[in-house]
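Chemist: requesting a structural model of the entry that follows:
(2 chains)
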Amino acid sequence: MTRAGRRVGWLAIAALFVWSAWATEVSLERGIEGIPFVLEFLRRMVPPDPSVLGHALRGAAQTLQIAVVGTAIAALLALPLGFLAARNVSPPWLFYVARSLLNVFRAVDTLVYALIFVAAVGLGPFPGVLAVVAYTATVLAKLYSEAVEAIDPGPVEAVAAAGATRLQLLRWGVLPQLMPQFLSFTLYRFETNIRAAAILGFVGAGGIGFYIQTYLRLLNYPAASTVLLVLIALVMVVDFASSRLRARLV
Amino acid sequence: MIRVRGLRKLYPGGTIGLDGVDFEVGAGEIVALIGPSGAGKSTLLRCLNGLVAPTEGEVIVGGATVSGAAPRELRRIRASIGFVFQQFNLLRRLSVLENVLVGRLAHMPVARSLLALFPAADVARAQATLERVGLGELGDRRVDTLSGGQQQRVAIARALVQGPTLLLADEPMASLDPALAHTVLTLLRRISEEDGLTVMTSLHVLELARLYGRRVLGLRAGRLVYDGPPDGLTDAVAERIFAGRAA
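Modeler: Model (predicted):
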């Protein structure tokens, strides 16, 4: 890129920022004025109300369950999709169809899917699972397909040279190269899905988010703070366990 | 063992891989294939086991026609031909033993192989082959923890465990240092003598061809320009093969 081109690029970014900040009414003054209210909010949350711990734990368990089932089903669906969307495996026309579909479905986030599925199948954790599946399957398929495209053709050629069938080629030439990456991507999405599933309750799709929203609406801040603490603990435990596992996969 | 007639390979885009190659190799021969890079050595070796489909010509290995063979027939032929690659082409995250067992895939029921339920006889054979290349103790190790020389011996074991009648090697020492190159070539020659195995290996170092080949094929720009004993590889002949490049 030329010097002039770079300068125009930076100017465009600056213009975009100013336009956005103006339109969103960003104001340092109003931010500072809000600080006492935030502090008051935090003060009312202390001490947390331990009597709602049971609800909080039940909600956290359901959030975990939604993330587990949703991620697992999504991973199974993403496996064939990932191969269909890989340039080096899929026929060109199929590759373009698969990639385009993945891009379309990936454009919508889990929470929006949850709104759609709550309308379709009613309230509860099940629409939450469907929402996690819909978004995660497409994201994982994209990640899987990129891993398939980065595969080393050498070992595959070697397995073919030993007289292997196509299925054996997939099992012993392709899969061993992909499995650690697939598992790593899937665990990473599982971590993200815990966070996504935590807010599904806002739209009636199950999990801990239901309690957060309910207690905040009732202005019951001590109860809300108990639920939030449980959520933070859940996220931290899952992140820690998952990242330990992922480190061992590399 | 090998009969090649009028072999031509034209790659898409017009690159000439092979431009009319004819030769025969008898059972038990050790043949070194030499030539500058891009001369068609890899293409020739890959035509012999059908990894590359020739544009024209005929390839017969052990009485079976490789060129134009149907997939099932091609797999049967490949099962009887071992192939050793320059970059080893091992599955780096799998164990040494699992990599060697890949060489038995064509000999075992597909369903069992997919579940990694290898027949005991195949496991025993893989272990015995590992001992033969001096890696009997390393079966459980992950391949990526091994040195380059050890990895190439795993690759040789994978080729040998097939029970091949022909062993093809594509610059098997190009990724190794000179001392290791001699170890690997000595191993190949010993195995060839013990099993009466036919070996054809491409080499990028002329000296190695002089030392280890019983017969040398010189390839240049897709054509065979030398076929004779290593003694015949005079400087003038080398000049003709490598065309003014340092040999």
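Chemist: which element is A:I194 on?
Modeler: In this structure, A:I194 sits in helix A:175-198 according to DSSP states H and E.
Chemist: that helix: which residues count as buried?
Modeler: A:176-178, A:181-182, A:184-198 (16 or more other Cβ atoms under 10 Å in any protein chain shown). Using the backbone N, CA and C atoms, a C-beta is placed for each residue, glycine as well.
Chemist: now swap in stretch B:123-136 and tell me
Modeler: For stretch B:123-136, burial by neighbour count (16+ other Cβ under 10 Å) applies to B:R125, B:A126, B:Q127, B:T129, B:L130, B:R132, B:V133, B:L135.
Chemist: surely the last one is in a helix?
Modeler: No - with DSSP: H, G, I helix; E, B strand; the rest coil as the criterion, B:L135 is located in coil rather than a helix.
Chemist: output the contacting helices and strands for the helix or strand that contains B:A124.
Modeler: Following DSSP H and E, one finds B:A124 within helix B:120-132. The contact analysis (3 or more Cβ pairs under 8 Å, 6 or more residues apart in numbering or on different chains; DSSP states H and E) places helix B:120-132 against helix B:96-101, helix B:148-160.
Chemist: to B:M108, which of those lies closest?
Modeler: helix B:96-101 (8.7 Å; Cβ to Cβ).
Chemist: list the helices and strands the helix or strand following the closest one packs on?
Modeler: Toward the C-terminus, helix B:96-101 is succeeded by helix B:110-114 as the next helix or strand (DSSP H and E). Secondary-structure packing of helix B:110-114 (3+ Cβ pairs under 8 Å, 6+ apart): helix A:166-169.
Chemist: remind me what whichever helix in chain A runs longest packs against, helices and strands.
Modeler: Of all the elements of type helix in chain A, the one with the most residues (DSSP state H) is helix A:53-84. In terms of contacts (3+ Cβ pairs under 8 Å, 6+ apart), helix A:53-84 is packed against helix A:92-106, helix A:125-149, helix A:175-198, helix A:209-217, helix A:221-249.
Chemist: could you dump these to CSV with distance to chain B?
Modeler: Shown next, in CSV, are these (distance: least, Cβ to the nearest Cβ, whole Å):
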stretch, distance to chain B
helix A:92-106, 15
helix A:125-149, 14
helix A:175-198, 5
helix A:209-217, 39
helix A:221-249, 10
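Chemist: hmm, who's touching stretch A:236-250?
Modeler: A:L64, A:P180, A:L183, A:S184, A:L187, A:Y188, A:F190, A:E191, A:I194 (Cβ atoms under 8 Å, 6 or more residues apart in numbering or on different chains).
Chemist: among the residues you listed, find the lowest-pLDDT one for me.
Modeler: The member of the contacts of stretch A:236-250 with the lowest pLDDT is A:P180, at 90.
Chemist: neighbours around the residue nearest to that one when sequence neighbours are not counted, how many?
Modeler: Counting by Cβ to Cβ, 6 or more residues apart in numbering or on different chains, A:L249 is the residue found nearest to A:P180 once chain neighbours are left out, at 4.5 Å. The tally of other residues near A:L249 (other Cβ atoms under 10 Å in any protein chain shown) stands at 13.
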